[in-house]
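Trainee: Structure of the sequence below:
(chains A and B)
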Amino acid sequence: MQLENSRTIAVAMSGGVDSSTVAAMLRAEGNNVIGLTMQLWNQRRLAGREGMPEQVQGRCCSLDDVYDARRVAETIGIPYYVVNHEERFEREVVRPFVEEYLSGRTPIPCSLCNNHLKFDQLLLVARQIGADTLATGHYARVEFDAARERWLLKRPVDTAKDQTYFLFGLTQEQLSRTIFPLGGMTKPEVRELARAQGLAIAEKPDSQEICFVPGGDYKRFLDAYLAEQGESLPDTSGELVTTDGRVIGEHDGIHNFTVGQRKGLGVATGSPLYVIQIKGDAGQVVVGGSDELYSKTLRARRVNLISVADVETPMRVSVKIRHRHEPAPAMLEKAGDDEVLVTFDEAQRAVTPGQAAVIYAGDVVVGGGWIG
Amino acid sequence: MRRIYLDNSATTPVLPEVLEAMRPYFGEQFGNASSIHHHGQEARGAVERARESVAALLGCRASEVVFTSGGTEADNLAIFGIVGEGDHVITSKVEHHAVLNACKQLESDGCDVTFLPVDQQGVVDPEEVRRALRPNTKLITVMMANNETGVLQPVEEIGRIAAEADVYFHTDAVQAAGKVPVGVMQIGCDLMSISGHKIHAPQGIGALYVRKGTELRPMMYGGRHERSRRAGTENVPGIVGLGKAAELAKRQLEQGTDGKMAAMRDRLERALLNLESTGVNGGGAPRVASTSSVHFDSIEGEALVIALDLKGLAVSTGAACSSGAIEPSHVLLAMGMGADRARGSVRFSFGKQNTDEDVDYAIGLVPETVARLRELSPVWQDGRQSPVVRREQKSLRVGTRK
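Mentor: Predicted coordinates for the structure are as follows:
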């Protein structure tokens, strides 16, 4: 069925419940829907290497997921294509992921993927093949604010599934061509709809882990990836020091640590120690008591602003510093060309370099940047 | 929506005459060709008549034709059936994966394999074949027509070199059969693979020509079918279909009707070459009339294929077997092409069912689609801002025009 004023919409399909339901919904509304799956990573590449599972059990880009997406496309009667972006994914997401860990930071590959792949390359392909809009299964909302003449990114109705944290890098241009049809729905509603549409994937479990890191064990991934590349894991071992500069031991490599981590420090002391800071240049891991983990301020760099064109005067906002973090009240002010300073009302635990600081005004995303 | 199919190098529709010839063997004449009784005899008769038709197309004896499940099995049977431990094999870098990966497997099994380079048009130099010969060379396997570009290899010269050196010569003629004469005596090969579904027979049937006296080890063990060269109950309907398709192909070649296909191909290429920064891959070499591989600089072939499919035109980026692969075409890279240009290449391939209207549709659709893709291509937009790049692109275009 094709309606007179129907739109042509490309749907980014992963083979999961959310994006499958989006495709089915848009199709049921009478749009011309085109299903696209990005092939980003070959899960077989590292399978069976030292420390990596023999069996391919990755969640993303596996043949099973492509199979599921293809079946959904068949069921709802839409054309479906797989587009290969493995090379770019490795360059823009996997490589930086590895390098961030090796320099003592804790990366978020999902945001990089959204910025450099999904809403860049895939949107480009969508436009090239004649779609004016890209739809994804993200839980977020996009709206045009006529008064401000800006496209807004907003938190979804199902706040437990909120994915705006990973979408802060979207430009006005990208937002203007993107729809998130699940923004007004809850996850149980989405599953219900998937069942009602007769989609075979309606009961498929949610994916949680980083798609290219099987089992979520990033250390093993670093080993296996570098070995595959013919590179050896650089020696980033060094001193374990306290916040007042005392050397209390050695560690076997900064990539094994993340700020806020407690277990695995391998030091026996009276009170529990936490990783407070990782000094990549000096190869030092700084540890201290839990009270020393709290920071009142943070600087975010390479900032992308969404709801405002600029931060001219300080703003009351709330700021989220990791995916599982409730946005905390703060003041936002400009600190440079694409840099902002966030001052929290109350100090926040484990502000972690490499993660994103995403800024909200109510349910509207003001923008976000990378914690330096 | 109107659907035009220009991907006949991937597979072809079964011709009505072929389907008609096969039909009885699904139903009333269902026998096993090895059975003693009447039903078996009916099936046997059909299989042997088909074998004669295939032999007629290949210019060989019927007893030299071994039916297989397709081109890939024929290639594998030829290679693994001949080559053993300690042997050396000569092949080319532009072979179909059925040969290429079989040879790579031989390599990891401990055999020596020479992968010969090709020139910019995709052609193997027979002198390179001669130079690659070693005392332990057992087999030369070089395809007849390339599946991506349609470029023909100098198989007759290679055949002579093989004969002089007393080395087995296999040629994968999957993309050549039905398009150019494939007489095995003329070519001087000992083994030749063909596939049914590339010549309007169904998928799942192929054949290997095995010159009389060639010692071929079977790959599958079972009954004594196909003179103990390929065990397994014969696919009678498939074999009958291949026989009929071979018969039709031979008749058409004799009547010289493939001139019509060449005319369609040339008209499409002329229209596409009017576009900037566009060229025919291997356009300067002898080619089969059915295939045209065209590069459109600054676009992704993958996106063009999708965009055209959404408008009803079916083409491909290269071998269907490589779809979704990350690497750009090994054939185009071997021709010295950069990875970007290789990725911007699309294959148009014709079949017997195509008409002039199909070509009109493609000529109407492809240029505007390429223009839209380029408009949105950052690489193209950058290139347009620089007169130097434009000049370079223009000279390239002249250079690749045949």
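Trainee: how far away is B:N281 from chain A?
Mentor: Remark: distance between B:N281 and chain A (C-beta to the nearest C-beta, to the nearest Å) = 20 Å. The way it works is simple: take the backbone N, C-alpha and C, and place the C-beta from them, glycine included.
Trainee: Correct me if wrong: that residue contacts B:H295.
Mentor: Yes - at 5.9 Å, B:N281 counts as touching B:H295 under the criterion of C-beta atoms under 8 Å.
Trainee: Of those two, which one has the most company?
Mentor: A count of neighbours by other C-beta atoms under 10 Å in any protein chain shown puts B:N281 above the other of B:N281 and B:H295, at 31 against 23.
Trainee: What helix or strand is the residue lying closest to that one once chain neighbours are set aside located in?
Mentor: Using C-beta to C-beta, 6 or more residues apart in numbering or on different chains and skipping residues adjacent in sequence, the residue nearest B:N281 is B:S293, 4.0 Å away. For B:S293, the enclosing helix or strand under DSSP states H and E is strand B:291-296.
Trainee: which residues of chain A fall in helices?
Mentor: All helices of chain A, identified by DSSP state H, fall at A:17-28, A:63-76, A:86-89, A:95-102, A:109-113, A:123-128, A:172-176, A:187-196, A:218-228.
Trainee: who touches B:N146 in this structure?
Mentor: Residues near B:N146 by C-beta atoms under 8 Å, 6 or more residues apart in numbering or on different chains: B:94, B:122, B:152-153, B:175, B:282, B:291, B:331.
Trainee: Spatially nearest residue to the residue positioned nearest the centre of chain A, not counting backbone neighbours?
Mentor: Most central in chain A under C-alpha atoms, centre = their mean is A:C110, positioned 2.7 Å from the mean C-alpha point. What sits nearest to A:C110 in space, not counting adjacent residues and going by C-beta to C-beta, 6+ apart, is A:F166, at 4.6 Å.
Trainee: Please report the distance of the one you found from A:R71.
Mentor: For A:F166, the distance to A:R71 under the criterion C-beta to C-beta, to the nearest Å works out to 27 Å.
Trainee: what's the domain layout of the chain?
Mentor: In the absence of a named chain, chain A is used. What automatic domain parsing lists as the domains of chain A is A:8-138+A:180-218, A:236-288, A:293-371.
Trainee: sorry, should have said chain B
Mentor: B:4-10+B:257-400, B:16-253.
Trainee: pretty sure A:Q121 is in contact with A:H85, am I right?
Mentor: Yes - using C-beta under 8 Å, A:Q121 is in contact with A:H85, at 5.4 Å.
Trainee: what touches both of these two?
Mentor: A:M38.
Trainee: Between those two, which has more neighbouring residues?
Mentor: Under the criterion of other C-beta under 10 Å, the comparison of A:Q121 against A:H85 puts A:H85 first, with 26 against 19.
Trainee: Neighbours of A:Y80, how many?
Mentor: 21.
Trainee: Tell me how far the closest residue to it other than its chain neighbours lies from A:V66.
Mentor: Leaving aside its sequence neighbours, A:Y80 sits nearest to A:A73 (C-beta to C-beta, 6+ apart; 3.4 Å). Distance of A:A73 to A:V66, given as C-beta to C-beta: 10 Å.
Trainee: Who has more neighbours out of the two?
Mentor: More crowded of A:A73 and A:V66, by other C-beta under 10 Å: A:A73, with 24 against 18.
Trainee: Show me which residues of chain A sit near chain B.
Mentor: A:34, A:39, A:42, A:79, A:81-84, A:86-87, A:124-125, A:127-130 (C-beta under 8 Å from any C-beta of the partner chain).
Trainee: and the least confident of the residues you listed?
Mentor: Within the residues of chain A next to chain B, the minimum per-residue pLDDT falls on A:N42 (82).
Trainee: Apart from its neighbours in sequence, what residue is nearest it?
Mentor: Nearest non-adjacent residue to A:N42, counting by C-beta to C-beta, 6+ apart: A:E86, 6.4 Å away.
Trainee: what's that neighbour in contact with, if anything?
Mentor: Counting by C-beta under 8 Å, 6+ apart, A:E86 touches A:39-42, B:326.
Trainee: try B:C103
Mentor: Each residue near B:C103 by C-beta under 8 Å, 6+ apart is listed here: B:79, B:89, B:91, B:95, B:113, B:115, B:141.
Trainee: repeat that for 6 Å
Mentor: Counting by C-beta atoms under 6 Å, 6 or more residues apart in numbering or on different chains, B:C103 touches B:89, B:91, B:113.
Trainee: And the strands in the stretch 151-300 of chain A?
Mentor: Taking DSSP state E, counting those that start in this stretch to define them, one finds strands in the stretch 151-300 of chain A at A:178-179, A:238-242, A:247-251, A:274-279, A:284-288, A:294-305.
Trainee: one step back: identify all contacting residues around the strand holding B:S293.
Mentor: Outside strand B:291-296, the residues within contact range by C-beta under 6 Å, 6+ apart are B:9, B:148-150, B:265, B:269, B:272, B:278-281, B:341, B:344-349, B:370.
Trainee: any idea how far stretch A:349-356 is from the chain center?
Mentor: Relative to the chain's own centre, stretch A:349-356 is displaced by 14 Å; criterion: C-alpha atoms, centre = their mean, to the nearest Å.
Trainee: Under the pLDDT cut-off, which ranges of the stretch 251-400 of chain B? List them.
Mentor: Counting by pLDDT under 70, the ranges of the stretch 251-400 of chain B that qualify are B:257, B:319-326, B:385-400.
Trainee: where do the helices sit along it?
Mentor: Along the stretch 251-400 of chain B, the stretches classed as helices by DSSP state H, counting those that start in this stretch are B:258-273, B:301-310, B:330-334, B:339-343, B:356-375, B:378-385, B:387-400.
Trainee: gap between the nearest residue to A:L124 once chain neighbours are set aside and A:D132?
Mentor: Leaving out its chain neighbours, the residue that sits closest to A:L124 by C-beta to C-beta, 6+ apart is B:L376, at 6.1 Å. Distance of B:L376 to A:D132, computed by C-beta to C-beta: 12 Å.
Trainee: B:V66 now?
Mentor: B:V66 sits at a distance of 55 Å from A:D132 (criterion: C-beta to C-beta).
Trainee: ok, the two, which is more surrounded?
Mentor: Taking other C-beta under 10 Å, B:V66 and A:D132 do not tie; B:V66 has more neighbours (25 against 12).
Trainee: can I assume the more buried one is in contact with B:A231?
Mentor: No - using C-beta atoms under 6 Å, B:V66 is not in contact with B:A231; the gap is 11.1 Å.
Trainee: low-scoring pLDDT stretches of the stretch 101-250 of chain B, where are they?
Mentor: In the stretch 101-250 of chain B (pLDDT under 70), no residue qualifies.
Trainee: same deal with the stretch 201-350 of chain A?
Mentor: A:263-269.
Trainee: Kindly recompute the last result at 90.
Mentor: Filtered on pLDDT under 90, the stretch 201-350 of chain A yields the residue ranges A:205-220, A:232-234, A:245, A:248-249, A:252, A:256, A:261-273, A:280-281, A:289-290.
Trainee: repeat for the stretch 51-200 of chain A
Mentor: By pLDDT under 90, the weakly predicted segments of the stretch 51-200 of chain A are A:51-66, A:84, A:86-87, A:200.
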